[in-house]
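Student: Pasting a predicted model and its sequence here:
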Amino acid sequence: MSLKPIVLDIETSGINKIKCGIWQIGAIDLETGEEFFDEGRIDDGDIISVSGKKPALEVIGKTEEELRDKNKQSQKQLLENFFKWIDKRLMKNFLCQNPQFDVAFLEIKAMKYGLKIPFHYRSFDLHNIAQTRFYDLNKKFLIKEDHSDMGLTNILKLCGMEDNRKAHNALQDCKLTGECFYRLIKGKNLFPEYSQYEIPEVLKK
């Protein structure tokens, strides 16, 4: 049986997995096409990062009031709903752009709330897949100064697409990740909304 993974992306109040919170989760089951997309409020003790290349609120296009909105479900309830959705999946491996961030964030929050982790610890990393494909084509990795430069923007370029995001959204990033995965692995278009972007000849099978 050949099963496909679950594309995952989370939006958080910063990059510190202990001190920051998860407020949005997006996922797409590539086996069935079913989607999960939901939001919650971060915990009262969670911080909102203001350091880094861009402050967290600027990256996600939200205000602190929106992240702490008491009318939204709790972060714990958000995770419980997502974990129930995962339980119904045939394959419980994630596909992410840098899963060491998204998956680790989920694991840490699950332990905080005493929730059983319903997914497998192994994940597919779009970054590694893209760097490997880039190396096959160019006989070198895409490096900037002392680190990999294969962020999602450059992966989209490799796949013949553009990064038109004004702010991060978990479901949109899932679709972009899934689309790039298909183009890199199969040389095919996945989602109709990206069909206007021609697949580079070097990626076609």
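Tutor: Looks like it arrived, so ask away.

Student: I'd like to know how many residues surround residue 101.
Tutor: 15 (other C-beta atoms under 10 Å). In short, each C-beta sits where N, CA and C put it, glycine included.

Student: scratch that, residue 20
Tutor: As a burial measure, residue 20 scores 19 neighbours (other C-beta under 10 Å).

Student: swap in residue 135?
Tutor: Neighbour count of residue 135, defined by other C-beta under 10 Å: 12.

Student: Just the buried positions in the lowest-mean-pLDDT helix or strand in the chain, please.
Tutor: The weakest-scoring helix or strand in the chain, judged by mean pLDDT, DSSP states H and E, is helix 56-60 (a mean of 90). Neighbour counts over helix 56-60 (16 or more other C-beta atoms under 10 Å) mark 56, 57, 59, 60 as buried.

Student: Kindly report the same for stretch 178-195.
Tutor: Using 16+ other C-beta under 10 Å as the test for burial, stretch 178-195 gives 178, 179, 180, 181, 182, 183, 184, 189, 190, 194.

Student: if I read this right, the fourth one contacts residue 8, doesn't it?
Tutor: No. Under the criterion of C-beta atoms under 8 Å, residue 181 lies out of contact with residue 8, with a separation of 11.9 Å.

Student: Show me the common contact partners of those two, please.
Tutor: Common neighbours of residue 181 and residue 8 (criterion: C-beta atoms under 8 Å, 6 or more residues apart in numbering): residue 95.

Student: and the protein, what are its domains?
Tutor: The chain is divided into the following domains under automatic domain parsing: 6-123, 126-203.

Student: and the shortest one, average pLDDT?
Tutor: Put plainly, it is domain 126-203. Average pLDDT, domain 126-203: 97.

Student: Ends of that domain, what's the gap?
Tutor: Start-to-end span of domain 126-203 (C-alpha to C-alpha, to the nearest Å) is 15 Å.

Student: Distance from that domain to the middle of the chain?
Tutor: 13 Å (C-alpha atoms, centre = their mean, to the nearest Å).

Student: And the contacts of the least confident helix or strand of the chain?
Tutor: The contact list for helix 56-60 (C-beta under 8 Å, 6+ apart) reads 11-15, 20, 23-24, 48-50, 63-64, 67, 167-168.

Student: mind redoing it with 6 Å?
Tutor: Here helix 56-60 makes contact (C-beta atoms under 6 Å, 6 or more residues apart in numbering) with 11, 13, 14, 48, 49, 167, 168.
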